[in-house]
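Asker: Kindly generate the corresponding structure for this input.
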Amino acid sequence: MKNVAKWAAAAALSVGALSVTVTTASAAIVCNNAGECWHVKKAYTYKPEFGVVVHPNHWRWAAHEKYVWREHTGRGYWRNGVWITF
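Answerer: Purely as a prediction, here's the structure:
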């Protein structure tokens, strides 16, 4: 019975330690002034000269607005149809 209690305690400690090390994801939608939008998984700091707007992940454009999805992985932004890495 002591072994079962030791295993249960070890399992509880392992789960507790794992929950401390897990980081929360910060997803967002970023759009440039040309109407190109993409998803980001991390909160990046975009310089004002990049001409982008960061929206919360649940943001959706209205029916009268003209946007397109242009997904890309990594850090960067779309400018004139070209992915610029930073």
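Asker: and the closest residue to residue 70 other than its chain neighbours, what is it in contact with?
Answerer: Nearest non-adjacent residue to residue 70, counting by C-beta to C-beta, 6 or more residues apart in numbering: residue 36, 4.6 Å away. Placement of C-beta: from N, CA and C, glycine included. By C-beta atoms under 8 Å, 6 or more residues apart in numbering, the residues touching residue 36 are 67-68, 70, 78, 81.
Asker: And for residue 40?
Answerer: Residue 40 neighbours (C-beta under 8 Å, 6+ apart): 27-30, 54.
Asker: how about 7 Å then?
Answerer: When contacts are counted by C-beta atoms under 7 Å, 6 or more residues apart in numbering, residue 40 touches 27-28, 30.
Asker: repeat for residue 54
Answerer: 28, 30, 46.
Asker: Which strand or helix spans the last one?
Answerer: What it means is residue 46. Remark: residue 46 resides in no helix or strand, with elements defined by DSSP states H and E.
Asker: same thing with the second one?
Answerer: Taking DSSP H and E as the definition, residue 30 sits inside strand 28-32.
Asker: quick one: average pLDDT of that strand?
Answerer: The average pLDDT for strand 28-32 rounds to 95.
Asker: Note down every partner strand of it and its orientation.
Answerer: strand 36-40 (antiparallel), strand 52-56 (antiparallel) (DSSP bridges).
Asker: low pLDDT regions in this structure?
Answerer: Scanning the chain for pLDDT under 70 picks out 1-26.
Asker: all helices of it, in order?
Answerer: According to DSSP state H, the chain carries its helices in the segments 2-21.
Asker: hang on, residue 67 packs against residue 55?
Answerer: No - counting by C-beta atoms under 7 Å, residue 67 does not reach residue 55; the two are 10.5 Å apart.
Asker: and for these two, which residues touch both?
Answerer: Contacts common to residue 67 and residue 55, judged by C-beta under 7 Å, 6+ apart, are residue 31.
Asker: circling back to that earlier point, now which of the contacts of residue 36 would you call buried?
Answerer: residue 78 (16 or more other C-beta atoms under 10 Å).
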